[in-house]
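Engineer: please find the sequence and the predicted model below.
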Amino acid sequence: MPITILLADDHRMIRQGLRSLLCKDSQFDVIGEAEDGRTAVKLAGELMPAVVVMDVRMPDLNGIEATRQILAENPGTKVNGLTGHFHPELAHEMLRAGACGYVLKDSAVDELTSAIHAVLKGEVYLSPPVLGVMVNDFIRADGDGRASVFTELSPREREVLQLVAEGKSTKQAATMLNVSVKTIETHRRNLMEKLKLDNVADLTKYAIRQGLASL
């Protein structure tokens, strides 16, 4: 029986390349594609893939929060993180969210199939350039105690922050999160108070610096 895979990446060409790579192996069956984190969560619940290949930085809902939500609903699914730019804090959080693998996009052709087989066996797979950093840093459960978006904010606050940073209106964010406009306004106000920031522009800059959103 083939290994079912869901691809989640906001770049269509990357998804096409990964699909082409995986389809060369008869053991793999790519059963779905998602261009953002929220769609990935939805499709994972509907399709129940064995493995989700998850880009870390995606619009609407980043790969870290998407991984948390997918595994909360489907703990048997394996998630393999994928990134184009190695950011240690994002790698830490991806693994803390429950991902079992972390592969750099420029190494994906050589490593992705090995990573998928490894995570299905219950192992953790890290691209060699990532491994040295993780050995010295990630294994310390609390890191070095530095404050970050992942230690300062709740998962829902991070969702709201990402949507605000991506330019979503209050009404759009409320619709996407299925909450009231007032709730989004309250979250935004609390974010500014908690982070000691004065306006939406400052929130956006903070989210980009933390790797939660991109330009």
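Structural biologist: Sure, I can see it.

Engineer: so which bits of the helix or strand that residue 14 is a member of are buried?
Structural biologist: Residue 14 is part of helix 12-23, with elements assigned from DSSP states H and E. Neighbour-count burial for helix 12-23, counted by 16 or more other CB atoms under 10 Å, picks out 14-15, 17-19, 21-22. For every residue, glycine as well, the C-beta is placed using N, CA and C.

Engineer: name the residue closest to the centre of the chain, please.
Structural biologist: Closest to where the C-alpha atoms of the chain average out (CA atoms, centre = their mean) is residue 63, at 1.2 Å.

Engineer: residue 186 versus that one, what's the distance?
Structural biologist: 26 Å (CB to CB, to the nearest Å).

Engineer: cool, residue 162 as well?
Structural biologist: As judged by CB to CB, residue 162 and residue 186 stand 17 Å apart.

Engineer: how about residue 55?
Structural biologist: Taking CB to CB, one finds residue 55 at 30 Å from residue 186.

Engineer: and residue 173, by the same measure?
Structural biologist: 12 Å.

Engineer: name the residue in the two with the higher neighbour count.
Structural biologist: Legend: neighbour count by other CB atoms under 10 Å for residue 173 and residue 186, higher for residue 173 (23 against 13).

Engineer: tell me which helix or strand residue 80 sits in.
Structural biologist: Short version: residue 80 belongs to strand 78-83, going by DSSP H and E.

Engineer: what's the average pLDDT for the next helix or strand after that strand?
Structural biologist: Counting by DSSP H and E, the next helix or strand C-terminal to strand 78-83 is helix 88-96. Averaging pLDDT along helix 88-96 yields 85.

Engineer: counting by contacts, list what helix 88-96 packs against.
Structural biologist: helix 63-73, strand 78-83, strand 101-104, helix 128-136, helix 149-152 (3 or more CB pairs under 8 Å, 6 or more residues apart in numbering; DSSP states H and E).

Engineer: that one to helix 63-73, inter-axis angle?
Structural biologist: 10 degrees (axes from the mean of the first three to the mean of the last three CA atoms, to 10 degrees).
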